[in-house]
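# Show me the folded form of this:
(one chain, ligands or ions: 2)
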Amino acid sequence: MPLISEIELFEAWVKLRSPFETSFGRTIERPAIIVRIADEEGFEGWGEVVAGEGPWYSYETHATAWHVLTEYIVPLLARSRSIEPRSVWESMKPVRGHPMAKAGVEAAAWDLASRRAGTPLWRMIGGVRSRIASGVSIGIQGSVEETLRAVARYLEEGYQRVKLKIKPGWDYEVVSRVRREHPDVLMHVDANASYTLLDAPRIARLDDLNLAMIEQPLDYEDLVGHADLQRIVKTPICLDESIRGLGDAIAAYRLGSAWYINIKPGRVGGILQSKAIHDFWYGSLGRPVWIGGMLETGIGRGHLVALATLPGVLYPNDISASDRYYEEDIVDPPWTLNKDGTISAPEKPGIGVEVNVDLLEKLSKKRKKFKIA
Ligand code: OSB
Ligand code: MG
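Ligands and ions are numbered 1, 2, ... in the order given. Model (predicted):
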């Protein structure tokens, strides 16, 4: 097996087509640290670090990820030099935490491994479907009318389900209006940890609205609170921020904190950890999972598409087409939505799309190449 010969990091800044607002803030332009790993035979693989500009969704930021990657993770990989995704994961173990930084590197190793094998990544990790169900996550808008317009537009495009971002003061009124306009649409809400248990009666009003789930209503550290809330609220709870690894998934099950889990490789440290959670939640418990998103560029989206082909991914994902996020994506071809509201898992090797390196370089404010020998 050839060894790692180069690791390259790009700090790209990508502009969203429209601002994305959640309970924790508004994003217009976001950093995307892109990781490229090359081996001695000239094969390469790409990954994306989903850490945000500030420590709002998680404690990681693009700056902490850059620091941990350049000072600690790259030196560890330079010592082991193995291109095998499992060894890459093992060699990063001395670094505690920082799952987004690790996931970006592990993702590049998976892309590399599947390009070398001439296999689509989704087949290599055990995927079972060649089209994945696509949903759309709709940020907090300026008004109910704007929300209704956004929902109508995305449904027109064919998305299979909508998720509305909510927060205290922006919840029942807007969601009930959307429900009235679209009585049969598959729909859920995401609070991004903005409520407390004291809001339980307010959250329980949502039970009238036939929502598939309520995503992360309470604090990310509060598994017990979610279990208490689930005894009051009938709509199934889905955990996002709270699930940082398999241990959290097991605890959430034991406590009864959630019926669903959304899996984001960046949040849990990569594809192997994502698979472990999938295998527990679906394989052992028989409960569905779905794949969440972090407004990834087409590179990170490629890994999400691959994960969404796993057998237990049985609810539409936060994986939308490139044009839902960006005027111009950094991959070729861009991700597109089929008429039936699916995205096709490519038959090409790796994540199945090529990186537009010229555009990536143009968008990058920082760039660092490590020759490994
Ligand atoms: O909570 O799911 C979330 C985006 C950034 C940070 C957190 C979340 C989101 C989304 C967007 O909901 C999902 C997507 O990439 O389409
Ligand atoms: Mg979420």
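
# Next, the contact list for L69, please.
Listed by C-beta atoms under 8 Å, 6 or more residues apart in numbering, the contact partners of L69 are L9, I33, V35, V49, A101, G104, V105. In short, each C-beta sits where N, CA and C put it, glycine included.

# Not counting sequence-adjacent ones, nearest residue to the first one?
What that stands for is L9. K368 (5.0 Å; C-beta to C-beta, 6 or more residues apart in numbering).

# which of the residues in the helix or strand harbouring the one you found are buried?
Per DSSP states H and E, K368 falls inside strand 364-371. Using 16 or more other C-beta atoms under 10 Å as the test for burial, strand 364-371 gives S364, F370.

# and what of stretch 252-272?
252-253, 257-272.

# now stretch 331-347
V331, P334, W335, L337, G341, T342, I343, A345, P346.

# Quick one: residues in contact with whichever strand or helix holds I261.
Per DSSP H and E: I261 is located in strand 260-263. Strand 260-263 is contacted by residues 213, 215, 236-240, 243, 249, 252, 274, 277-278, 281, 287-292, 307, 315, 318 when judged by C-beta under 8 Å, 6+ apart.

# Sitting in helices, which of those residues do you find?
Among the contacts of strand 260-263, the members found in helices (DSSP state H) are A249, A252, S274, I277, H278, L307.

# Is Y195 in contact with I214, as I believe?
No: Y195 lies out of contact with I214 (C-beta atoms under 8 Å); the separation is 9.3 Å.

# May I ask you to name the longest helix in the protein?
Under DSSP H, the chain gives helix 99-117 as its longest helix.

# chain center to that one: distance?
Offset of helix 99-117 from its chain centre (C-alpha atoms, centre = their mean, to the nearest Å): 15 Å.

# What residues sit buried inside that helix?
Buried, per 16+ other C-beta under 10 Å, within helix 99-117: 99-116.

# Run through the neighbouring helices and strands of the helix or strand following that helix.
Next in sequence after helix 99-117, counting helices and strands by DSSP H and E, comes helix 121-124. Under the contact criterion of 3 or more C-beta pairs under 8 Å, 6 or more residues apart in numbering; DSSP states H and E, helix 121-124 touches helix 99-117, helix 298-307.

# Please render these as TSV that adds distance to ligand 2 and mean pLDDT to the earlier fields.
Below are the helices and strands packed on helix 121-124 laid out as TSV (distance: least, C-beta to the ion, whole Å; pLDDT from 0 to 100):
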stretch	distance to ligand 2	mean pLDDT
helix 99-117	15	98
helix 298-307	14	98
